[in-house]
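J.: Here you go, sequence then predicted model.
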Amino acid sequence: MADLNLICGDALTELKKMPAASVDLIIADPPYNLGKDYGNGSDLRASEDYLRFTKDWLTEAKRVLSDTGTIYVFMGFRFIAYLYAIMEQDCGLHFRNWICWHYTQGIGKKRGFSPRHDDILMFTKSERYHFDLDAVRVPQKFYRSVNNMRGANPGDVWEFSHVHYCNDNRQAHPTQKPEGLIERLVLASSRPGQLVLDPFSGSGTTLRVCQQLGRAAMGIELNADYVAATQRRLAQPFTGFDSIDPRMKRIPNDLNDEAVRTAYLRNHETWFLANHGNAIDEFWKGVERKYGLKRKP
């Protein structure tokens, strides 16, 4: 059973209480300062105050991060450039990736282009860091003998749908992140049993993912109502994460050799759908359409 710790408190205050180099991975989804209603007025500050707050909490985040640790920070377009500068220039973190999370629905605009993505910055504390590519590969489009059929690198543009209001796992939180998205960050940048910190826990997605992936996790959340909702969420039975990269259900073309096809199909669920039992039936329907094969009991 994963060791989960959820604290109701201010992120900066609680970070200052933590020992140095005690966390292996940080996944942070701070307020974007766009005036969202989190029930505490935390998302509407003067720009100077917001940037000062960002630098302060990131300074503490770097301090608590292990020497081989990684930090991912979500951010909207308005402050993403400032965030990058603070992480690299002010905090001295090492840039690794600028990930674009593309979602299928968003705010509509009549003047200008409607936003359809958020950004995720990946930095590490040093040049030494853990990254498990095999844990986050996506299925190949085609079978080729030269391809690694364990899968391809997912790249830095990811498609995950928002957790829509009709989804059974939808929480009463304005910026709930998809579990499949957080799953990829956790699998890539931590090992089982390591400690993952979410200093802005919100709807509790990071804790829920870590609970299922065997990571210890600590969440900090200012709103007591969200803390209570997360505790209820963690007590729910698990049937599969609430979202998935559509590529994970992709069935490679040209699996014409029976032995190769049989071996590949036997491995696909373990490689790509281990935490997505709710997507297996759809995958095998695709296999039947493409190759005329049904899943064996």
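T.: Here it is on my side, so go on. Numbers count the residues shown, from 1 in each chain.

J.: Doesn't Thr104 lie inside a strand?
T.: No. The assignment for Thr104, made by DSSP: H, G, I helix; E, B strand; the rest coil, is coil rather than a strand.

J.: I'd like to know how far it sits from Glu179.
T.: Distance of Thr104 to Glu179, given as CB to CB, to the nearest Å: 17 Å. Heads up, the C-betas are built off the backbone N, CA and C, glycines and all.

J.: These two: who's more crowded?
T.: It is Glu179, of Thr104 and Glu179, that has more neighbours when counted by other CB atoms under 10 Å, with 23 against 11.

J.: any idea how far the more buried one lies from Asp245?
T.: 12 Å.

J.: Counting neighbours, what do you get for the residue nearest to Lys109 when sequence neighbours are not counted?
T.: Nearest non-adjacent residue to Lys109, counting by CB to CB, 6 or more residues apart in numbering: Pro115, 7.8 Å away. Using other CB under 10 Å, Pro115 has 13 other residues around it.

J.: Could you say which helix or strand holds Pro115?
T.: For Pro115, there is no enclosing helix or strand under DSSP states H and E.

J.: what's the answer for Ile26, then?
T.: strand 23-28.

J.: Would you mind identifying the next helix or strand past that strand?
T.: Next element after strand 23-28 (DSSP H and E): helix 47-64.

J.: For that following helix, name the packing helices and strands.
T.: Packed against helix 47-64 by the contact rule (3 or more CB pairs under 8 Å, 6 or more residues apart in numbering; DSSP states H and E) you find helix 11-17, strand 23-28, strand 65-75, helix 80-85.

J.: just checking, Thr68 touches Glu127?
T.: No. Here Thr68 does not reach Glu127: they are 9.5 Å apart, not a contact under CB atoms under 8 Å.

J.: Look up the closest residue to the residue most central in space within the chain, ignoring the ones flanking it.
T.: What sits nearest the mean C-alpha location of the chain, by CA atoms, centre = their mean, is Ile182, with 1.8 Å. Distance criterion CB to CB, 6+ apart; nearest residue to Ile182, sequence neighbours excluded, is Val209 at 4.6 Å.

J.: Hmm, Glu183 and the one you found touching each other?
T.: Yes. Judged on CB under 8 Å, Val209 makes contact with Glu183 at a distance of 5.3 Å.

J.: which neighbours do those two share?
T.: Shared contacts of Val209 and Glu183, defined by CB atoms under 8 Å, 6 or more residues apart in numbering, comprise Phe241.

J.: Thr230 sits in which helix or strand?
T.: helix 224-234.

J.: picking up where we left off before, list the contacts for the residue nearest to Lys109?
T.: Per CB under 8 Å, 6+ apart, neighbours of Pro115: Gly76, Phe77, Gly106, Ile107, Lys109.

J.: If we ignore the residues flanking it in sequence, what's nearest the first one?
T.: Sequence neighbours aside, Tyr32 is the residue nearest to Gly76 in space, at 4.0 Å (criterion: CB to CB, 6+ apart).

J.: so the one you found makes contact with Val73?
T.: No. The pair Tyr32 and Val73 fails to qualify as a contact (CB under 8 Å) at a distance of 10.9 Å.

J.: These two: which has the busier surroundings?
T.: Val73 (26 against 19).

J.: so that one touches Met87, yeah?
T.: Yes. Val73 lies in contact with Met87 (CB under 8 Å); the separation is 7.1 Å.

J.: Can you work out which residues contact both of the two?
T.: Leu58, Leu121, Phe123.

J.: Give me the buried entries from the contacts of Pro115.
T.: Among the contacts of Pro115, the ones that count as buried by 16 or more other CB atoms under 10 Å are Gly76.

J.: Which of the contacts of Pro115 sits closest to Glu48?
T.: Closest approach between the contacts of Pro115 and Glu48, by CB to CB: Gly76, at 18.0 Å.

J.: list the contacts for that closest one?
T.: Tyr32, Leu34, Pro115, Asp118, Asp119.

J.: For burial, what's the neighbour tally of the fourth one?
T.: Okay, so that is Asp118. 21.

J.: Quick check: phi and psi at Leu6.
T.: Backbone torsions for Leu6, taken as degrees, to the nearest 10, come to phi -120, psi 120.

J.: where does the nearest residue to it once chain neighbours are set aside land in three-state SS?
T.: Take Leu6 and drop its neighbours on the chain: the residue closest to it by CB to CB, 6+ apart is Gly219, 4.7 Å away. Classification of Gly219 using three-state DSSP returns strand.

J.: Distance of Gly219 relative to Glu269?
T.: Gly219 is 30 Å from Glu269, by CB to CB.

J.: Quick check on these two: which one has the bigger neighbour count.
T.: Set Gly219 next to Glu269 and count neighbours by other CB under 10 Å: Gly219 wins out with 28 against 16.

J.: I appreciate the help and will end here.
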